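Student: No sequence on hand, only this structure:
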């Protein structure tokens, strides 16, 4: 067979492969637009240094940073120690809740040494105490934790997150947090 024949076969196969490839790309559905609102996406860093800008800290003596980070972390993680007190040492952040029913999701990487703390979605309705939906940090290696909560908001309500150490009288402990993402899912 001639070289021209084989070149023609090669050209036909190449064009067929390319056209199939284009069709596969064109036929893929587009992701839904605007379905998730990211309220917070932080690795507790600003530039090369650690930061808690925008966070409320209830006991700064037990809050620090560590270069120990999860597999996809950057340079720093947040650490919160344990304390014997009515409420655990914690950092928190609040956002204005929208009217109506919405699903909120908190994703955070965490681990513990000693006794572990919690990660929580907080909910504050006007003139009522804060309520929590929390997950205990139980693993001693970096693990991804997720919390989902469906909340119905009204004017004056707030939603947020709280990353806390443990309440412990005798046992020491430190809870590490990193790659914290808080989203409103529609």
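Tutor: Cool, the structure landed. Nothing here was measured: the structure is a model prediction, and the numbers come from that model.

Student: got the buried residues for the longest strand belonging to the chain?
Tutor: For the chain, the longest strand by residue count, based on DSSP state E, is strand 100-114. Buried residues in strand 100-114, counting neighbours by 16 or more other Cβ atoms under 10 Å, are found at 102, 104, 105, 106, 107, 108, 109, 110, 111, 112. All C-beta spots, glycine's among them, are computed from the backbone N, C-alpha and C.

Student: With distance to residue 132 and pLDDT as extra columns, can I get the residues you listed in a markdown table?
Tutor: Converted to a markdown table, the buried residues of strand 100-114 look like this (distance: Cβ to Cβ, whole Å; pLDDT from 0 to 100):
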| residue | distance to residue 132 | pLDDT |
| --- | --- | --- |
| 102 | 17 | 89 |
| 104 | 12 | 93 |
| 105 | 15 | 95 |
| 106 | 11 | 96 |
| 107 | 17 | 96 |
| 108 | 14 | 97 |
| 109 | 20 | 98 |
| 110 | 16 | 97 |
| 111 | 21 | 97 |
| 112 | 18 | 97 |
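
Student: Identify, from those residues, the entry nearest to residue 182.
Tutor: Checking the buried residues of strand 100-114 against residue 182 by Cβ to Cβ gives residue 106 as the nearest, at 5.2 Å.

Student: ok, the closest one - contacts?
Tutor: 119, 120, 121, 146, 147, 161, 180, 181, 182 (Cβ atoms under 8 Å, 6 or more residues apart in numbering).

Student: who are the neighbours in contact with the first one?
Tutor: Applying Cβ under 8 Å, 6+ apart to residue 119 gives the contacts 106, 108, 110, 134-135, 137, 145, 147, 161-164, 177.

Student: let's see it at 7 Å
Tutor: 106, 108, 110, 134, 135, 137, 145, 147, 163, 177 (Cβ atoms under 7 Å, 6 or more residues apart in numbering).

Student: ok, those vs residue 89, which is closest?
Tutor: residue 163 (9.9 Å).

Student: Mind telling me what element the residue lying closest to the closest one once chain neighbours are set aside is part of?
Tutor: Of all residues not flanking residue 163 in the chain, residue 177 sits nearest, at 4.7 Å (Cβ to Cβ, 6 or more residues apart in numbering). Residue 177 is part of strand 173-185, with elements assigned from DSSP states H and E.
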